[in-house]
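Q: My questions concern the predicted model and sequence given below.
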Amino acid sequence: LYHSGADPLKVMMPALSPTMEEGNIVKWLKKEGEMVQAGDALCEIETDKAVVTLDSNEDGILAKILMEEGSQGVRLGALIALMVEEGEDWKQVKIPAAEGPPVAPGPIPTPAPSSPAGTVLPNLHRLDTPVSSDPPRLSPAARHILSTHGLDPRQATASGPRSIITKEDALNLLKQMEAKGLTAPRAAQTSPASPQPPPAAPQPPPATPASVRPAQPPVSIPGKPGALGTFTEIPASNMRRVIAKRLTESKSTIPHAYATIDCDLGAVLQLRKEMAKDEIKVSVNDFIIKAAAVTIKELPEVNVTWSEEGPKALDTIHISIAVATDRGLITPIIRDAAHKGVQEISANAKALAQKARDGKLLPEEYQGGSFSISNLGMFGISGFSAVINPPQACILAVGRARAELTPSLDHEDNPRVQQQQLITVTLSSDGRLVDDLLASEFLDRFRANLERPQRMALA
């Protein structure tokens, strides 16, 4: 099992976030033959959330890098490097025998009379291998692709639920067959058990109305430029796959309820001007974060999460703020936001947003939030509904500020028209935890806090 040499200390791909299933090797920070002490940074790994540094747990010498920089989709527990103890010859490290991933099944081989009995062809279906009497389970798209190209569905590796062969499984088999030159149109294939009938005189096709759909519509196949229905496959990063999984989980398992309210930003904008005179620069979003945190403190019933055992009340108020990055959306956390002033919230938000865009967030900086805020106002969005970030109970969607003329009364109760700077906020809440009455009360108190920022700005 081993090449001769020193016994290795194995470095495995660790789980660097709760939702991580695989990682990408971004950069090795140590070279082969370099001394390593416990706690030294070995490499940078891109998880589904950020780029995280992997620290060594052992003292020794980095003997062999098995996963080079740029390696994608390295599964948890996979061997990525080997170390040896100090004093051993790192160049003679014992390298474990490679256990490669299973190879996709190939075509059904035709047994030759001269083949010796008992010869095993790995990863290939043998004609003398018993075949299950149960027909393979096919999705409609997979059935069409396989039948169109005359492929045996038993050669496809099923990846769908309940061993269903999906469209992707059929396309993978088609690519393998094309690479080996073993595919042919269905009409060109013949059955070895029945003789080819003599060619018949061509018959004119029956006339069909133009509205009748073809019996076999063209199939979309990647890598066929100019072909009807062609497309380009875009590789999804770990982060994009996790985002897709969590969004689907949220919308399919959480009963979303929505409530919307308009808030007047006049007092916030005036306070910002006064703070700017003292060279204190804060954004409207910083006041929104503070107002949400103070409102949660006043209504702790909103500060809950859902688990398999039922509702769980939280004793901390950590606000998750949505930050858009090139790799996808991530939600770093303003911890204990109710106990921080707007200026401190602003500094925290700017630092976390920059770390998120650089992919340098630590796990504790994006895990454990209790309430989320997503602000698209800077993109000109008037209002929208956001998807809840499980296991949280609520997310607040914030639109852009807009000027509106509204009727009011002056100090002598005479009617007048005044201009207001309004924003629309929409609360998406988990109906199992936050009912409509509680959501309405939350928005009413949130508006009161935001429209009177002096009472909570520096709390």
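A: That came through, no problem.

Q: show me where the stretch 301-450 of the chain has strands.
A: Along the stretch 301-450 of the chain, the stretches classed as strands by DSSP state E, counting those that start in this stretch are 304-307, 310-313, 319-321, 323-325, 328-330, 333-334, 371-375, 394-398, 402-409, 415-430.

Q: Restrict the second one to CA atoms and write it as CSV.
A: Output in CSV follows, covering the C-alpha atoms of strand 310-313 (Å, rounded to 0.1, in the frame of the first residue of the first chain):
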residue,chain,number,x,y,z
GLY,A,310,-39.9,23.7,18.0
PRO,A,311,-39.4,27.4,18.7
LYS,A,312,-36.2,28.5,20.5
ALA,A,313,-35.9,32.0,22.1
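
Q: Check which helices and strands it sits against.
A: Other elements packing on strand 310-313 under the criterion 3 or more C-beta pairs under 8 Å, 6 or more residues apart in numbering; DSSP states H and E are strand 304-307. Using the backbone N, CA and C atoms, a C-beta is placed for each residue, glycine as well.

Q: buried stuff in the strand it packs on?
A: Under the neighbour-count criterion of 16 or more other C-beta atoms under 10 Å, strand 304-307 has V304, T305, W306 buried.

Q: Likewise for stretch 357-377?
A: Neighbour counts over stretch 357-377 (16+ other C-beta under 10 Å) mark 359, 361, 365-367, 369-377 as buried.

Q: re earlier: right, and the strands of the stretch 301-450 of the chain - which one's nearest E69?
A: strand 323-325 (21.1 Å; C-beta to C-beta).

Q: Show me which residues of that closest one are buried.
A: Buried residues in strand 323-325, counted by 16+ other C-beta under 10 Å: V323.

Q: what are the pairing partners of that strand, and which direction each?
A: Strand 323-325 has its sheet partners listed here by DSSP bridges as strand 328-330 (antiparallel).

Q: who touches the partner strand?
A: Applying C-beta atoms under 8 Å, 6 or more residues apart in numbering, the contact partners of strand 328-330 are K49, A50, S237, M239, R240, I243, A322, V323, A356, L361, Y366.

Q: which of the residues you listed sit farthest apart?
A: Greatest spacing in the contacts of strand 328-330, by C-beta to C-beta: S237 and A322 (17.8 Å).

Q: what's near enough to touch R400?
A: Each residue near R400 by C-beta under 8 Å, 6+ apart is listed here: L376, G377, M378, F379, G380, I381, S382, I423.

Q: Is the last one bridged to anything, and to what?
A: Which is I423. Beta bridges link I423 to C263, judged by DSSP bridges.

Q: give me the number of residues near it?
A: I423 has 22 neighbouring residues, counting by other C-beta atoms under 10 Å.

Q: what's the pLDDT at it?
A: Reported pLDDT at I423 in the predicted model: 96.

Q: Likewise for the first one?
A: Per-residue confidence for L376 comes out at a pLDDT of 95.

Q: what do you get for D326?
A: 84.

Q: which ones are touching it?
A: Residues near D326 by C-beta under 8 Å, 6+ apart: R357.

Q: Would you mind measuring from it to D358?
A: D326 sits 10 Å away from D358, going by C-beta to C-beta, to the nearest Å.

Q: what's around V398, how many residues?
A: For V398, the tally of surrounding residues (other C-beta under 10 Å) stands at 25.

Q: what does P14 give?
A: Around P14 there are 16 other residues, counting by other C-beta under 10 Å.

Q: Give me the three-state assignment for it.
A: Following DSSP: H, G, I helix; E, B strand; the rest coil, P14 is assigned to coil.

Q: Quick check: bridge partners of the residue lying closest to it once chain neighbours are set aside?
A: Closest residue to P14 apart from its sequence neighbours, by C-beta to C-beta, 6 or more residues apart in numbering: L54 at 6.6 Å. Per DSSP bridges, the residues bridged to L54 are C43.
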